[in-house]
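Colleague: Please find the sequence and the predicted model below.
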Amino acid sequence: MRSWEDIQAGSFFEANARERAFGIVDKNTFTELLNPRDRQASPHLPVLGEAIGFDDGIVTGVGLIGKRPIFVVSQEGRFIGGAVGEVGGAKMVATLKLALQTYEEVKKQYPDSYQDRLPAVVISFETGGVRLHEANAGLLAHAEVMDLFQDARHKIPVISVIGSKVGAFGGMGFVAGAADVVIMSEQGRMGLTGPEVIEQEVGKDEFDASNKALVYRTTGGKHKYILNDCNFLVKDQVGAFRKQLTEVLEQPFEQIEQYRRIGSMELVQEQIELVDTAAKLEPKDAMDIWKYFGNEEPAKLPELSVEQFLKVAKRRPRKN
Amino acid sequence: MALRVLEFKYKADNPVTIAKEWSHLGVVGSGDLEVLMESKDLDGWLTVKVVTPVTGFDKVWDLVLGKFANESQLGNVAMEINDNNATPIVVSMRLRQALAEANKLQTEGE
C-alpha cells in the first residue's frame, strides 16, 4: 500500500477501500479488523461461480483522530460494484456495535472527559446497495445498520463520506443520508435509484444515464450541497476529506447532531416541505432548483472549482 | 458453474522468503485479482492456491506462476490468489507488485 502521506495528497476517487480507510484517520493509527488474512470471504459466491474476495468488498477497522477512536467502514466499488452481502454487511454491523461498546467503555474510564475521547463511526460509501446474489442477508444488513444508527443517536457521531466512483445508491443511499453528517466531493454521488437503473426501467427520455453532466448535476456532490443533503463539500483528495472530518469532530456533539437530515418530526416536516416545493416548482432540471434557491446563473456552477463554488453557491436554507 | 480451486507448487534452487510475515495486494475487480502471501516453513516450497471462475486455462496458470516462481526464487511462501478473469499479463504484473509489497520495509510509513 502507498504511504499515508501519498494517500493524503492523492485522489479520494482513485483510492481503493483499504487506502481510504487507512488515510481517513491519523497517520499510521489504522488497524484493520478482519483483514484479508482472516479470509472471511462470502460463502454464497463460490456456488454461483462468482469471484470471491478475502474482505468481501468491505474494509473495517479502527484508527484515531486526535484522542478519538474512529471506527471505519470502507466499501470497495470494484468488487461486485460494492454491493453489500452477508459477510460485508455483518462486518459493517459489527463495527458499529464495537463503536457503541467502546463508547460505554470510554465513558466508564473517563467520566469527566469522555467527550474529548468520544468514538465516532465513519463510513466511506461506494455501493449500489444490496448484493442480489445474497439479497436477504444484504437487506438484513441494511436494516441492522439503520437500527444501529438509531442506537448511536445522542451517543456517538456517525459520518458518511462519499467521493468514490460508484457513489452511494440503492438501500445504502438511504443509509448514507441517515447519518449525522454527510461529507462529499464533487465526484461523489448519492441517490436511491441509480441513473442506469432509471434509464433501464423508464427509458432514455426519462433519464439519459450516458449524459454525465446530467448525472452529476442530479446526483453529484454540488447538487447535494445546494440541497443541503450533503453538509460539507470538499475537493477530491483523501487529505481534504480527513481535514473536514477532523473539523467536524472538533465541534460539540450537540452541534454535530444539528447537521442531520432526518430523525425528528421537525426534520421530517422540513423534508415534506421540500417535496411540496418540488411539486409546485415542477423542475425540469436540477438547475431549476439551484435557481429557485437563489443561484442566478446556475449553468455556471458545474464549471466552478470547489473553492470558487463554495464562495458563490446559495443553498437551501435550513430551519434550525 | 461453481468457482474452481487450482493448486500449484514450485521449488527454487536457493529459496528466498518475503520480508513481512504476511502481505496483501490488489482488489478483485473485473479482470483483476488479489494476492495474499504468507511466510511459512514449507521445506523451501512456494505453494499457490488460485480461486477462479475461469475454466480451461490451468496450463496457462502453471506457466505464468512457474515463470514468476523461477524469476523470484520465492520459497517458504504460501500464496493465495482470488481471481476474477484477469489476463496472464495482469496476473504477472500483480504478482510482481505483490512481491514488492511483501518486501517493503516496515519502517517506511507502514
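Modeller: Great, that's in hand.
Colleague: what are the bridge partners for the residue lying closest to A:Met190 once chain neighbours are set aside, then?
Modeller: Take A:Met190 and drop its neighbours on the chain: the residue closest to it by CB to CB, 6 or more residues apart in numbering or on different chains is A:Ala168, 4.8 Å away. Placement of C-beta: from N, CA and C, glycine included. For A:Ala168, the beta-bridge partners are A:Thr127, A:Met190 (DSSP bridges).
Colleague: Please list the residues of chain A that sit near chain B.
Modeller: Residues of chain A lying close to chain B by CB under 8 Å from any CB of the partner chain are A:1, A:3-5, A:16-17, A:27-28, A:35-37, A:39, A:41, A:45-54, A:76, A:78-79.
Colleague: Report how many residues lie close to the residue nearest to A:Met190.
Modeller: 34 (other CB atoms under 10 Å in any protein chain shown).
Colleague: So which of the residues of chain A next to chain B sit within helices?
Modeller: Among the residues of chain A next to chain B, the ones falling in helices (DSSP state H) are A:4-5, A:17, A:45-48.
Colleague: And the furthest pair within the residues you listed?
Modeller: Greatest spatial distance in those: A:Glu5 and A:Val47, 43.0 Å, computed using CB to CB.
Colleague: is it true that A:Ala94 lies in a strand?
Modeller: No - A:Ala94 is assigned helix when assessed by DSSP: H, G, I helix; E, B strand; the rest coil, not a strand.
Colleague: And the pLDDT for it?
Modeller: Note on A:Ala94: pLDDT of 98.
Colleague: ok, the closest residue to it other than its chain neighbours to chain B distance?
Modeller: Spatially, and ignoring its direct neighbours in sequence, A:Ala94 is nearest to A:Thr60 (7.4 Å; CB to CB, 6+ apart). As judged by CB to the nearest CB, to the nearest Å, A:Thr60 and chain B stand 15 Å apart.
Colleague: what does the helix or strand that contains A:Thr60 rub up against?
Modeller: Using DSSP states H and E, A:Thr60 maps to strand A:58-65. Residues from elsewhere that reach strand A:58-65 (CB atoms under 8 Å, 6 or more residues apart in numbering or on different chains): A:17-18, A:20-22, A:24-26, A:29-35, A:69-76, A:84, A:87-89, A:91-92, A:94-95, A:98, A:120, A:242, A:245-246, A:249.
Colleague: so B:Asp43 sits in a helix?
Modeller: No - under three-state DSSP, B:Asp43 sits outside any helix and is assigned coil.
Colleague: quick one: it from chain A, how far?
Modeller: Taking CB to the nearest CB, one finds B:Asp43 at 22 Å from chain A.
Colleague: Who are the contact partners of the nearest residue to that residue once chain neighbours are set aside?
Modeller: Distance criterion CB to CB, 6+ apart; nearest residue to B:Asp43, sequence neighbours excluded, is B:Asn76 at 7.8 Å. Counting by CB under 8 Å, 6+ apart, B:Asn76 touches B:15, B:17, B:39-46.
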